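**Student:** My questions are about this predicted structure, shown below with the sequence.
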Amino acid sequence: YDQQVKHYPEKRGIVHNEILLPANAPRSYADRNTLWNAAEAVEKQWNSQLARRWVLTIPREIPPDQYAVLVREFCEQQFVSKGMIADFAIHDPHPPGHNPHAHVMLTMRAMDEHGKWLPKSRKVYDLDENGERIKLPSGRWKSHKEDTVDWNDQKYCEIWRHEWEVIQNRYLEANDRPERVNTNDKEQQLKKASKMSLIRSLLPIVGLVVIFLLFNFLTDFRMMGNMSLVLSQVYVTMISAMGVFFIMTMGGLDFSQGSILGISSIVVCMLSKYSIPLAIIGGIAAGAAIGAINGYFYVNRKIKSFIVTICTMFLFRGFIKYLTTNAPVAGSAKLINYDSTALKVACTVVILAIGFVAFRFTKFGTYLKAIGAGEKAAMFSGIRTDRMKFLIYVLAGAITGFAAFINVIKVGSVTSSGGNQLETQILIALVLGGMPISGGAKVRFENIIVGSLLYIVLNSGLTMMGFSTQMMQLIQGIVFLIFVAVFADRESIQVIK
């Protein structure tokens with residue numbers, strides 16, 4: 001579908017490759033190029049799944065000359081017998097014998113007796129209690145799709161895993177080896193990992209409660225008495241953090257959020273003299289435009305996200321200082337009339353609610369986590385990764401552009417320090433909320449809310465206790481490092497994209 005020819009002449013460590021065909025498959029499909037070109041040609045959708053991939057670990061105790069026999073027997077019994085074509089390659093990277101494994105590619109469609117590909121699914125009409133088709137108000141018949149084969153049934157995952165264990169142990173026994181493969185060990189590891197995941201998810205919430213109670217105790221409950229003042233600092237951070245949360249979910253970073261807030265705040269102030277709604281739209285558009293610049297250089301020019309956003313951070317910070325050289329940029333006097341707790345809470349709740357629904361219940365969140373977990377795999381599964389990454393940077397900029405309105409209504413003007421250090425506050429807040437810095441499938445939307453509250457409570461508590469700025473930065477840095485160490489996913493961590 002991408003009009004590209006795939007060729008891998010430099011792949012090393014391949015000791016055997018073979019294609020196993022069911023009896024009704026054309027013999028020409030024994031050629032790899034012919035097989036997968038035919039599998040792609042029959043699909044109608046550009047993002048159709050062409051194959052299912054399995055990686056089989058091979059016991060090192062089995063002699064190398066039995067690797068192919070072992071994999072061939074397993075594939076014939078479990079896959080080919082059901083009508084799938086199995087294309088497998090055995091890798092034994094240097095040094096030989098330390099990590100033998102097999103990659104198995106399986107076709108997704110069944111074949112008829114003449115070797116013609118069959119549909120993946122078929123339409124089935126729903127029937128009422130009398131066995132009659134049900135007519136919808138639109139005039140169409142109510143129906144649903146059913147798979148023509150049951151290969152996608154989740155039960156086979158456990159069945160094939162168990163059968164691979166059985167056949168490995170049979171070969172080990174035949175070679176008089178005392179070792180045995182036991183999948184129960186893996187299940188115990190999964191249970192332990194699940195328990196650790198639960199602890200990690202609860203730790204930020206427990207930390208928020210403990211720190212809140214601790215600072216109230218140390219300040220004679222002054223924090224409790226000044227909650228409106230404490231919370232007044234969280235709205236801009238929490239709204240802007242949502243956009244960065246989306247970016248970090250897909251494995252990127254954005255250090256330009258402070259500059260985006262500053263530029264957007266200036267735009268809001270300037271346009272507020274004409275119309276408040278126009279000012280809000282202008283702030284969103286300004287943020288989206290800077291986000292589009294970030295997205296262009298990141299996606300189209302293939303420059304790492306942290307490099308691009310650091311450059312735009314300094315570039316637009318310079319613009320902010322230039323525009324505020326002589327005096328702060330003042331907005332309309334009407335802006336201050338909007339400075340009410342109810343409005344700021346309502347705006348924050350609405351923005352977070354929309355983001356939560358989109359992230360949790362639509363493909364939007366699934367695609368983001370898929371890109372963060374493995375961009376290449378996400379692309380091969382049909383996700384348009386480049387378009388998604390560009391749009392996320394635009395979206396993050398637009399969200400911060402809206403936060404600029406909340407930022408401006410407090411004082412009605414913008415100085416040269418507008419938005420300064422916002423990117424640092426957001427990054428610290430998300431990590432304090434339990435956000436894995438590598439993104440991926442382990443992120444949770446609650447990271448935004450808990451992290452933002454935890455950061456504001458920590459910062460306000462240290463201020464009320466009278467610590468100097470230097471000491472506050474030291475304490476925050478120590479807490480930040482502790483949370484990074486706890487929540488970093490060391491198994492999947494990679495260079496930031």
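**Tutor:** Great, that's in hand.

**Student:** Quickly find the element holding the residue located most distally from the centre of the chain.
**Tutor:** Of all residues in the chain, the one whose C-alpha sits farthest from the chain's mean C-alpha position, using CA atoms, centre = their mean, is N130 at 47.1 Å. N130 is part of no helix or strand, with elements assigned from DSSP states H and E.

**Student:** For it, give me phi and psi.
**Tutor:** Backbone torsions for N130, taken as degrees, to the nearest 10, come to phi -100, psi 0.

**Student:** Over to the one 3 residues further on?
**Tutor:** In terms of degrees, to the nearest 10, the main-chain angles of R133 are phi -70, psi 150.

**Student:** Report the mean per-residue pLDDT for the helix or strand harbouring A286.
**Tutor:** A286 is part of helix 276-295, with elements assigned from DSSP H and E. For helix 276-295, the per-residue pLDDT values average out at 96.

**Student:** Determine the set of other helices and strands touching it.
**Tutor:** With contacts defined as 3 or more CB pairs under 8 Å, 6 or more residues apart in numbering; DSSP states H and E, helix 276-295 has these neighbours: helix 257-272, helix 305-323, helix 385-408. Where you see a C-beta, it was placed from the backbone N, CA and C, and this is true even at glycine.

**Student:** Would you mind writing the CA trace of the longest one as CSV?
**Tutor:** Spelled out, it's helix 385-408. Coordinates of each C-alpha in helix 385-408 appear next as CSV, following Å, rounded to 0.1, in the frame of the first residue of the first chain:
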residue,chain,number,x,y,z
THR,A,385,2.0,7.6,12.6
ASP,A,386,3.4,10.7,11.0
ARG,A,387,0.1,12.4,10.6
MET,A,388,-0.9,11.5,14.2
LYS,A,389,2.4,12.9,15.6
PHE,A,390,2.0,16.2,13.7
LEU,A,391,-1.6,16.6,14.8
ILE,A,392,-0.7,15.9,18.4
TYR,A,393,1.8,18.7,18.5
VAL,A,394,-0.8,21.1,16.9
LEU,A,395,-3.3,19.9,19.5
ALA,A,396,-0.9,20.4,22.4
GLY,A,397,-0.2,23.9,21.2
ALA,A,398,-3.9,24.7,20.8
ILE,A,399,-4.6,23.5,24.4
THR,A,400,-1.9,25.7,25.8
GLY,A,401,-3.2,28.5,23.7
PHE,A,402,-6.6,28.2,25.5
ALA,A,403,-4.7,28.0,28.8
ALA,A,404,-3.3,31.5,27.9
PHE,A,405,-6.8,33.0,28.4
ILE,A,406,-6.9,31.5,31.9
ASN,A,407,-3.4,32.9,32.5
VAL,A,408,-4.2,36.4,31.3
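
**Student:** buried residues in that helix?
**Tutor:** With burial defined by 16 or more other CB atoms under 10 Å, the residues of helix 385-408 counted as buried are 385, 388-408.

**Student:** what does the shortest one give?
**Tutor:** Of all the residues in helix 257-272, those buried under the rule 16+ other CB under 10 Å are 257-272.

**Student:** distance of V149 from A51?
**Tutor:** From V149 across to A51, the span is 14 Å (CB to CB, to the nearest Å).

**Student:** same question, T237
**Tutor:** Looking at T237 against A51, where the rule is CB to CB, the gap reads 45 Å.

**Student:** okay, those two: which has more neighbours?
**Tutor:** Between T237 and A51, counting by other CB atoms under 10 Å, T237 is the more crowded of the two (22 against 17).

**Student:** residues in contact with the closest residue to G97 other than its chain neighbours?
**Tutor:** Nearest in space to G97, with sequence neighbours left out and distances taken as CB to CB, 6 or more residues apart in numbering, is R60 at 5.6 Å. With CB atoms under 8 Å, 6 or more residues apart in numbering as the criterion, the residues that contact R60 are 97-100.

**Student:** again, but for M223
**Tutor:** With contact set as CB under 8 Å, 6+ apart, M223 has these partners: 212, 215-216, 230, 457, 460-461, 464.

**Student:** Next step: those residues restricted to strands.
**Tutor:** Counted as lying in strands by DSSP state E, out of the contacts of M223, is not a single one.

**Student:** Of the residues you listed, which one scores lowest on pLDDT?
**Tutor:** Minimum pLDDT for the contacts of M223 is recorded at V230 (84).

**Student:** Please tell me how far the spatially closest residue to that one that is not a sequence neighbour sits from L35.
**Tutor:** In space, V230 comes closest to S460 once its chain neighbours are excluded; the distance is 4.7 Å by CB to CB, 6+ apart. Distance from S460 to L35, counting by CB to CB: 64 Å.

**Student:** Same check on A241?
**Tutor:** 48 Å.

**Student:** who has more neighbours, these two?
**Tutor:** Using other CB under 10 Å, the more surrounded residue of A241 and L35 is A241, with 32 against 21.

**Student:** Now do the contacts for P277.
**Tutor:** P277 makes no contacts at all, as judged by CB under 8 Å, 6+ apart.
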